[in-house]
Structures are given as structure tokens and as C-alpha cells.
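Predicted model and sequence below, questions to follow.
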Amino acid sequence: MDPYRLPRTAVPSRYDIRLEPDLTTLTFRGTQTVALDVAERISDITLNAVELTIESAGLENDRGETIRATATMDEATERCRLTLTSPAAPGRWHLRLAFRGTLNDKLRGFYRSVYKDSSGVSRTMAATQFEATDARRAFPCWDEPSFKAVFSVTLVIDPALTAVSNTSIVSETHENGRKVVRFVDSIVMSTYLVAFVVGELEATEAVMVGRTPMKVWCVPGKKRLARFGQEIGAASLAFFERYYGLPYPGDKLDLLAIPDFAAGAMENLGAITFRETALLVDETAASHTELERVADVVAHENAHMWFGDLVTMTWWNGIWLNEAFATFMEMLAVDAWKPEWQRWATFGVSRAAALSLDGLHSTRPIEFPVTSPRDADAMFDVLTYEKGASVLRMLEQYLGPEVFRAGVRDYLETHKFDNADTGDLWAALGRAARQPIPAVMDGWIFRPGYPVVTVSRDAGGHLILAQQRFNYLREPLPPAAIEPDQPWQVPVQLRVHGARGAAEERVLLAERETRLRLGEAADVVVANAGGHGFYRIRYAPDLLEALLQRLDVLAPIERFNLVNDAWAMAGAGLMPLTAYLELTARFRQERDRNVWSVLMASFYAINRIVTPFDRPRLEALVRDRVAPAFAALGWTGRAGEDELTRQLRGDLVRALGVLGNDAAVQARAAEVYAGSLKQPGSVDPNLLPGVIAVLAQAGEDGRYDEFLAAFRSAKTPQDEQRYLYALAGFREPALLRQTLERTINGEIRTQDAPFVVRSMLLSVYARELTWEFVKRQWDTMDRLYPKHAMRRLAEGVTGLVTRELEADVQTFFAAKNPQFGGKVLAQYLEQLRVAVALREREGAALSGYLGKTS
Ligand SMILES: [Zn+2]
């Protein structure tokens, strides 16, 4: 028997759940009745439950028969086995259960969140987080996505508190001094989508989106930060009703900000939960990046109400489809809402992150067989979200947006209130497109990695496109095996600029190599035109030089890809690092924020491999590259400037002041900051986060304590985050040790602490002492932090880029053997190897280059 799949001898169709949480004793009691369809004569029932005490269990049916049951918990498999005192015949039965549990502090299951109210008093609320497999911590259940059922929830609470669940309230009554809140029956849905939130909560007025009332909820005092989230919430909900051609499946929609939340947000049907930074924002004081984050996450969760909630994957191997699709739809919705944000161009940054991870031997296919829940947890990564969304975007562009949408509508209509798999989506898209989709898509979904397409020209006027898998390392780290290299079906969009203008051509590169006739007057060839492809382009030197001469004919996303691919070639040893640095000199006049983001990311990475002796020279190089663009923009915004340009100014200030260690910029930043304190709102919100980071780098006396106080008294979640991460950005070891101490003494929320430590491992000033701290405190952190936190924290080891540190990391993890699930640890170690290999291969040449140019 599969230890991870429940038998289908008894299948639930309805849960009547009554839960009574007590926020003072941090416990809850529950009773429930589950309507079961019993398929064959059974003498026991197996369902999921963990960290619950079952107090009583029994079956009864409408004929008045009753059967008692004894419960045996198996903590290892997270199951409860109910042994019946006599067998139950096939038919409809009602399973009655009474149980109790605790409101834990691990941010999963039914958990507690503690926050300070506006007068500084500590308050407790209770919330849930069930995906993937933690509903079983709140109530015994068939905790697999294909066991869909109706949920009828009743919460019995302190009368002073408010309760929210997936549906609207049927009735509120009082019993023995407690408030009894009954909710409307849910649609047929999976257990991981059930939610309850209980606490002192306040809500905005509802806005009506079609027939759906939509509200934003938060702890008291923060309602003024809810407007922006509600706006994108309403806009995206309306967008999806149009796009999907189906009404929103719930009877109301609540968006709830929870002070302690492990993930970004969770798509519980009708009761979406968020960490505060992903929902609450002061739009007059937030940067573009901070606003974009809220818009993205809200749109993403709303997209799930159909794709995920109404139609759900059959098993966790299909989680990619859920998440990739919601990520893709989030882009579409935000792009429709704010076209001026150019969301699809910015998506290049996310695609680049996926290309980077997927260039490892230790990558994985987007979809792979998942047996255990732990492996499902490991699927929540950049390959599922960003690679998945990238290949869907590539497919959408290949089929055409209307055909793609028709296929999606067909898929949702066919499978609503049910489960479906990748094959079902391909079938629906294939019907709409009148062509078989698997032929094109399977290579991208079921095989790891992606191709680099080499573009060259022969003497006879032909263009040669050749593909092979892209890998940073020639040899995989043991014990990985090299996957057999088969060609992908690569939709290549070409644009050729010649004397008579530009011409586009679409090629499906299905072989290893293909030759195309090229007109004589082809001056410039752009491959992956439009930038939607999930592959890299490696141009022959003459074609690359021609492109660099004509950057003006490239769209921003094409310039982004040009830099990003060149940087990857340097990382893989296919281009000298010094040649890459020469290439960056061509972008001094660049004005696109995304192109700058890839340039800066590469400078950060190079900063991790230079010696302390060479660091000032690298700082000089960064100043040389960034200063011209910044000089053109200046410190203050101009009337009519768009949001992206204002954000770029903030990014350039950060680059100059932190990576460039520019004393003049640091001094000016101090003045700007002082001005913003004297007159709040006087400084562009896009500038302020960068200014704060620069001041941490500068590290003047007293600045640390000033930022610490600002962190503690922050009035918005965004402000809190800026100052929190600034505490990780100082250079003075004594200050950095203080910050580290705060990651385990309760001062920094456990939802944030792992990310703070990660950022310190990636800082060249903090990494050694942070690594020592992490080794010493590993077990403490593992105990304090939420599930998956150590996996996120450990990603920071990719910044420990010396041979000695790398060896130490390997020794530590070999002894510790952390269970991150999937190939996560192997990926971190390989990323570290790639960086150390770059250092060893290019260190001397880099040093020589920096010596010459500085
Ligand atoms: Zn999602």
C-alpha cells in the first residue's frame, strides 16, 4: 500500500466542523460530522490527523445503526486509524469525531499569531495555513486534493472577537457566554483550501465586483493601508471573470493580512490570507517595487480562485500547473490594470531567476512524480512558479492569446468542481489550437533544463541555429547523472534588420541544427525577439558586435536578455569574464530599470568573488558604469516622470552607494534622509529604500540604533522591512552580531528572521561571521522558525564563495543532513560550486582587468 495515499474505501462528501479556539490557553476543541460514502464492507477507516487528540469516534447512519470506533494515531505517517467495533456495510454513513489540539507557533495548521497593538500591548489571534498537508493539524480529514467535499464551518469564539472563514456568515448566536458563528456551506473543494481566522479584526467597506462583495481585513489600526490592495483585488477579480468566462465561484471574497505568515499568501477560497507586506501598503509612501509586490500577490491569489480552487490538481505533482498558471495570470491581470508598469518586461527578471536555477545539473523537470508530501513542499520554488509561467507565456505567444484563452476556458468549464491534470489542460488547449500540444510542450515540462541556441552566419549567407542543453558546469557534481541530451522544440522568433527595415520570422527549431536563408542586407539579427522564449541565445562574435552597435533597435526586454545571456555565458565559461565586463561598458547610457537590475545582480555576484584587495577597484568600476545614467537622472524627480524611472533612480542610488561605496552619494543620502525625517513625504518613496540601504553601508555612528528604533516603531509593513534589512546591511562586525542575535531572541519575527540571515550570508561584509553563527545556532533556529525556513535560510550559503568556505559548507551539511526535500540542497551546493569555479577560473584575469581599468 502507498504510505502516502489514503484508501478510497470511505470517501467524504461533506464535513460539518465546529471548532472552539481559546486564545488564552492557546488550545482548541473540535467536533465534526463527516458524511461518508462507504464503497465496500469495512472494519476500519484511515484518514489524516496529526498533533490532535481524538477523544471519541463513531459511525451512524440514517437507519439508526451506530458503530463505535477506537482511534490509533500514527504520528510518522500523520494518519489516524479508526478501528470499528463491528464492520460497516456499504452505503452512506456519518462519522462523528471529537478532538482537541493546540494553537501552535509554527505558522502552520491552526496557529497563533502574536502582534503588538497601537498602544504596544501584545495581542494574539488565530489563523490557518493548510497547504500542502496541514489541514490535518486542525481537524481529522482526508487531506489529499482529490478528496473534494463541502465544508460547513462553525466557530465558537470569545464574543469580543471576530471570525472569518471561506464563506459568508449564516448566523451569529450566543451560547454559555460564547459567540457561535455559523458559515454558509462552501463549494465542493479540497481540504487545503479551508481557512479560519479569529481575532480582533477590522475590515474595509465591501466593494461589489459583479455580485461578489470584497473586503480587506487587518488587525485594528491598519485599515488605512488597505485601499491599494482592495483596488487591485477588485480589478483583478473583474479581469478574471472576463478572462475565464466564469463567475467567481465563492459567495464573498475576504483578503486578510496576518501579522505572522510563513508564505507570501494563501489562496483559501473566499478567505485569502497574506503576510502584511503583501497586502497592506501606504501608497503615498511606498516605492514602485513595494506596490508591485502587493499588486502581484493579490492578483496571483485571485487567479487561483478558479485555477486551483474551482479546478484542482489531482495530486501534488500537478502543483506546478496551479502555481505556474496563477503566476502567468497575475502578470496578465496586473499588465491590464497598469499597462504603464510594463509588467511583462519586468517579468524578464523572474524568468532570469528560473533560467539560472535550471542551468544546474541538479535542476529538476517542472513536473515530476511526487510521492511524499515533503517532496510536494519542495516544489514551491522558482522552477514551479517562474519557469512554469515562462513556458506558459511562450506557449501563449506561440498559439496566440485568443486561442490560448479559449483553451483555458474549455479546461475550466470541463473540470469545474473537480480535479484535473496537466494532460487535461493540453487536451483543452489542443482542441482550441487544433494541434497536439504535448509535442511542443513535453520537453519543457517533463525534462530538466533548457537549450542555449547558438546563432551564427556562414559565408553563403545562411543563418545557423543550433541548440544544446545549457549547463554552468561541464561535469555534474556527484552523484548526479547527465541527462541524455535531446533537442527541444524551440519556438524561435527572429528579427532581421537590414537596409530596407526590419523583418520578423518565426521558426520552430526542432532539430539540433537548422539553416535559414538570410537576406544579403542583414545588418543585425535578433534571436528570441520579443524576449518571451525560455532559452538562452549565444551569438557568434560578429553578430554580437553588430547588435552592440545597434542597441537602439532592441526593445528593453531584448537588451535585458542580451546582458543576462552574456552574464550566463561568463558563468559557464563560454565567454571570458573580462569580455562580459567590457560588454557592460556599452550600457552606461541605459535607462531601463530591468536591464540595470541584471547588470547590478552581476556586479553583486562579482563582488563576492573579488579579493578584499581588489574590492575598491571593483567599486570604482561600478561607479564608472552607473554614474553616467545617474547623472542624467539626478537626485530629484521631474514632473511627468513615470513610476519606473523614479524607481530606477532609487536603484541607481543604491548601486552607487552600496556596491560603488561612493562617498559623495553616501553623504548626499544622509542629507536626503535627514530631510525626509524633518518633513515626511518630502522625498520620493522610490528613493527612500535605497537611501536607507546606502546609509547602512556607510555606517555612521549612531545610525544602527536609529534604524533599530525605526524598525521597532515602523508604521507600515514596508517601512518595517526597509529598516529590518538595513540592520543586515552594516559593515561593522559588532553591529552585525547584534542583528544576528535578534534573529533568535524573538525581536525579529520568525517569518522574517530566516530571510535576514540569508541576506547576511550573501553580504561580503557579514558572510563569514554569519556562517559561524548559523553553524552554532542551526538547531535553535530550526526549532524556532517555521517549517521550510531553514531551506530558505540555507540558500545564503551560495554567497560563501571561497574554496575554504565551500569545503566547510559541504562538511557541515554532510554532518547535518538537513531534509529540505527534493534537490534543494544539491542545488545550493552546485550554485556555490559554479561561483567558486568562476572565481578560480577568472580570478587572476579579473584582478588584472580591475587593475588596468581603475
Ligand atoms: Zn499560488
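Sure, I can see it. Computed from a prediction, not measured in an experiment: that's the story for all the values here.

Tyr704 belongs to a strand, doesn't it?
No. Assessed with DSSP: H, G, I helix; E, B strand; the rest coil, Tyr704 is helix; it does not lie in a strand.

Skipping adjacent residues, who's closest to it in space?
Closest residue in space to Tyr704, ignoring its immediate chain neighbours: Leu735 at 4.8 Å, by C-beta to C-beta, 6 or more residues apart in numbering. C-beta: built from backbone N, CA, C; applies to glycine.

cool, Ala585 as well?
Closest to Ala585 by C-beta to C-beta, 6+ apart is Arg625, at 6.7 Å.

what residues are up against the one you found?
Thr584, Ala585, Phe587, Arg588, Leu599, Phe603 (C-beta atoms under 8 Å, 6 or more residues apart in numbering).

avg pLDDT for the single longest helix found in the chain?
Longest helix in the chain, counting residues (DSSP state H): helix 824-853. What helix 824-853 shows for mean pLDDT is 95.

Tell me the helices and strands packed up against that helix.
When contacts are defined as 3 or more C-beta pairs under 8 Å, 6 or more residues apart in numbering; DSSP states H and E, helix 824-853 packs onto helix 556-571, helix 577-584, helix 615-633, helix 789-794, helix 803-816.

Most tightly packed of those?
helix 556-571 (a mean of 24; mean count of other C-beta atoms under 10 Å).

how much space between Pro90 and Ser13?
Pro90 sits 15 Å away from Ser13, going by C-beta to C-beta, to the nearest Å.

One more: His497?
Counting by C-beta to C-beta - His497 and Ser13 are separated by 62 Å.

how about Glu772, phi and psi?
When read as degrees, to the nearest 10, the backbone of Glu772 gives phi -60, psi -40.

list the contacts for it?
No contacts exist for Glu772 under C-beta under 8 Å, 6+ apart.

ok, now Ser168?
Phe183, Val184, Asp251, Lys252.

Could you point out which of these is nearest to the ion?
Lys252 (20.4 Å; C-beta to the ion).

Surely that closest one touches Gly210?
No. Taking contacts as C-beta atoms under 8 Å, Lys252 lies outside contact range of Gly210: 11.8 Å.

For the two, indicate the residue with more neighbours.
More neighbours surround Lys252 than the other of Lys252 and Gly210, with 19 against 11 (other C-beta atoms under 10 Å).

which residues sit in contact with that one?
Thr167, Ser168, Ala206, Thr212, Pro213, Met214, Lys215, Gly270.

So for the fourth one, what's the nearest residue that isn't a sequence neighbour?
Spatially, and ignoring its direct neighbours in sequence, Thr212 is nearest to Tyr248 (5.0 Å; C-beta to C-beta, 6+ apart).

Can you tell me the SS state at the one you found?
coil.

Now do the buried residues in the stretch of helix or strand Glu231 belongs to.
If you go by DSSP states H and E, Glu231 is part of helix 227-244. Counting neighbours by 16 or more other C-beta atoms under 10 Å, one finds that the buried residues in helix 227-244 are 228-241, 243-244.

how about the residues you listed, which pair is most distant?
Phe228 and Tyr244 (24.0 Å; C-beta to C-beta).

is it true that Leu36 lies in a strand?
Yes. Leu36: assigned to a strand according to three-state DSSP.

quick one: it and Arg14 touch, right?
No. Between Leu36 and Arg14 there is no contact under C-beta under 8 Å: 9.1 Å.

When these two are compared, which one has more neighbours?
Leu36 (25 against 16).

Please name the residues that touch that one.
So Leu36 contacts Ala10, Val11, Pro12, Ser13, Ile45, Leu59, Arg92, Trp93, His94, Leu95 (C-beta under 8 Å, 6+ apart).

Highest neighbour count among the residues you listed?
Ile45 (26 neighbours).

measure that residue to the ion for me?
As judged by C-beta to the ion, to the nearest Å, Ile45 and the ion stand 32 Å apart.

Leaving out sequence neighbours, find the closest residue to that residue.
Per C-beta to C-beta, 6+ apart, closest to Ile45 is Leu82, 4.4 Å.

What of Gly348?
Phe560 (4.7 Å).

got it, and Asn661?
Asn661 sits nearest to Glu619 (C-beta to C-beta, 6+ apart), 4.5 Å away.

and that neighbour, what is it in contact with?
With C-beta under 8 Å, 6+ apart, Glu619 has these contacts: Leu659, Gly660, Asn661, Asp662.
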